[in-house]
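In: one predicted model, sequence on top.
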Amino acid sequence: MKAKIIVTPKKAVVDPQGKTVQNALEQMGYKGINAVHVGKYIEIDLAPDADKPAAQRALNDAAHKFLSNPIIEDYKLEIE
Amino acid sequence: MMNFAVLQFPASNCDQDAIHAVRLLGHSARYVWHKEHSLGDAEAVIVPGGFSYGDYLRCGAIARFSPVMQAVKQFADNGGLVLGICNGFQVLTEAGLLPGALVRNRDLQFHCEHIFLKTVAPDSPFTGRIPPGKLLRVPIAHGEGCYFADEETLARLKAKNQVLWHYCDATGSQTDPSNPNGSLRNIAGICNERRNVAGLMPHPERACEPALGSDDGKWIFESMFAALKNKSVAAAA
């Protein structure tokens, strides 16, 4: 079982990295890009027999407390 | 003589500078390793600059869970003076001891230069001895020093007079070009509501003797020494 956590900067936070990547993409000729946000991807391997709802709860807690900073970041958690 | 504790995390790199500055100014300082659970007889704590735990995940995110930070929290809850410098500021925000967060500099570059600080709130244990009107010329050295907080937090910081220093130009004007990293409202350093925990991105400990190009940083430490002295006088009375 695998947990996938995607951390992205909050909309209110200036994201110079995303802006720089966007500029580069536009210079390369890619059209129709409204915005780019650069975040983090965290993959956690769980024991195959892990209890999914319990893992969901625990990892939500960890993502809120540690893996993301709620002041500046949002996260999405998926377990599969 | 006041006793300072200077924390050491793996990859702290301004710990020696902090110890040197405190001793140079006539007080006592010792290192406290991140695995320690106690600060001993320390009367003030410095969380120094560097790249604690390699800045992995986010700056300060891992350091805040180290055993010594539990002792620092307790120390701060009891009213002890805590100063976070650069990475130490990031650690204190991650630990929730100071509001807001530090994010990537707006130009994505690491800035290593001298800047000017204007003291906005002289009524704190970290600013009380700074001569009125004196601009502090101190170095910065960071890639993630852009202060961010939501509007509500910024309003509260202002209302409670918690912004201690702004970035400014050589004349004291709070301009955009004098803001090295894009910090909201030019904020360079803040304190908590109780005014016993403060953090700033610039390095006062690297500017405490003329040989280093500036000794303006000493005023922040002199303010702390004076505040501690007043506190011990009050306690004895």
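Out: Right, received. Where do you want to start? Numbers count the residues shown, from 1 in each chain, chains lettered A, B, ... in the order given.
In: quick one: contacts of stretch B:161-172?
Out: Contact with stretch B:161-172 is made by B:99, B:115-121, B:123-124, B:126-127, B:133, B:135-136, B:156-157, B:174-175, B:177-180, B:183, B:185-193, B:195, B:198, B:200, B:202, as judged by CB atoms under 8 Å, 6 or more residues apart in numbering or on different chains. Where C-beta positions appear, they are placed from N, C-alpha and C, glycine not excepted.
In: averaged pLDDT, it. What do you get?
Out: Averaged over stretch B:161-172, pLDDT sits at 98.
In: what sits against residue 8?
Out: Using chain A here. A:T8 sits in contact with A:H37, A:G39, A:E73, A:D74, A:Y75, A:K76, where contact means CB under 8 Å, 6+ apart.
In: the intended chain is chain B.
Out: B:D15, B:Y31, B:V32, B:W33, B:H34, B:P48.
In: could you single out the nearest of the residues you listed to chain A?
Out: Nearest to chain A, judged by CB to the nearest CB, of these is B:H34 at 16.6 Å.
In: can you name the residues that contact the residue lying closest to the closest one once chain neighbours are set aside?
Out: Nearest non-adjacent residue to B:H34, counting by CB to CB, 6 or more residues apart in numbering or on different chains: B:S66, 4.2 Å away. Residues in contact with B:S66 (CB under 8 Å, 6+ apart) are B:F9, B:H34, B:K35.
In: just the buried subset of the residues you listed, please.
Out: Buried subset of these (neighbour count, 16 or more other CB atoms under 10 Å in any protein chain shown): B:F9, B:H34.
In: now the contacts of B:S66 in TSV, with distance to B:F221?
Out: Listed next are the contacts of B:S66 as TSV, based on distance: CB to CB, whole Å:
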residue	distance to B:F221
B:F9	21
B:H34	23
B:K35	27
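In: tell me the one among the contacts of B:S66 nearest to B:E94.
Out: Nearest to B:E94 among the contacts of B:S66, counting by CB to CB, is B:F9 at 12.1 Å.
In: where's the residue nearest to the closest one when sequence neighbours are not counted relative to B:S66, distance?
Out: Of all residues not flanking B:F9 in the chain, B:S52 sits nearest, at 3.7 Å (CB to CB, 6+ apart). B:S52 sits 8 Å away from B:S66, going by CB to CB, to the nearest Å.
In: any common contacting residues for the two?
Out: In contact with both B:S52 and B:S66: B:F9, B:H34, using CB under 8 Å, 6+ apart.
In: quick check: residues of chain A near chain B?
Out: Residues of chain A lying near chain B by CB under 8 Å from any CB of the partner chain: A:9, A:12-14, A:16-17, A:20, A:40, A:66-67, A:69, A:71-72.
In: now the residue of chain B found nearest chain A: phi and psi?
Out: Nearest residue of chain B to chain A: B:A101, at 4.5 Å (CB to the nearest CB). B:A101 has phi and psi values of phi -150, psi 160 when expressed as degrees, to the nearest 10.
In: what about it, how many neighbours?
Out: 23 (other CB atoms under 10 Å in any protein chain shown).
In: wait, doesn't it sit right on B:A149?
Out: Yes. In this structure, B:A101 is within contact of B:A149 by CB atoms under 8 Å, at 7.2 Å.
In: and the residue sitting furthest away from the middle of chain A, how close does it get to A:A35?
Out: Farthest-out residue of chain A from its mean C-alpha position, per CA atoms, centre = their mean: A:G29, at 26.5 Å. From A:G29 across to A:A35, the span is 18 Å (CB to CB).
In: for B:I140, the count of nearby residues, please.
Out: So B:I140, with other CB under 10 Å, has 24 neighbours.
In: can you map out the strands along the chain?
Out: I went with chain A, as the question did not name one. For chain A, applying DSSP state E gives strands covering A:2-9, A:40-45, A:73-79.
In: my question was about chain B, not that one.
Out: For chain B, the strands defined by DSSP E occupy B:3-8, B:28-33, B:44-47, B:81-85, B:101-103, B:111-119, B:135-142, B:146-148, B:163-168, B:187-191, B:197-200.
In: out of these, flag the one nearest A:A58.
Out: Nearest to A:A58 among the strands of chain B is strand B:101-103 (24.2 Å), distances taken as CB to CB.
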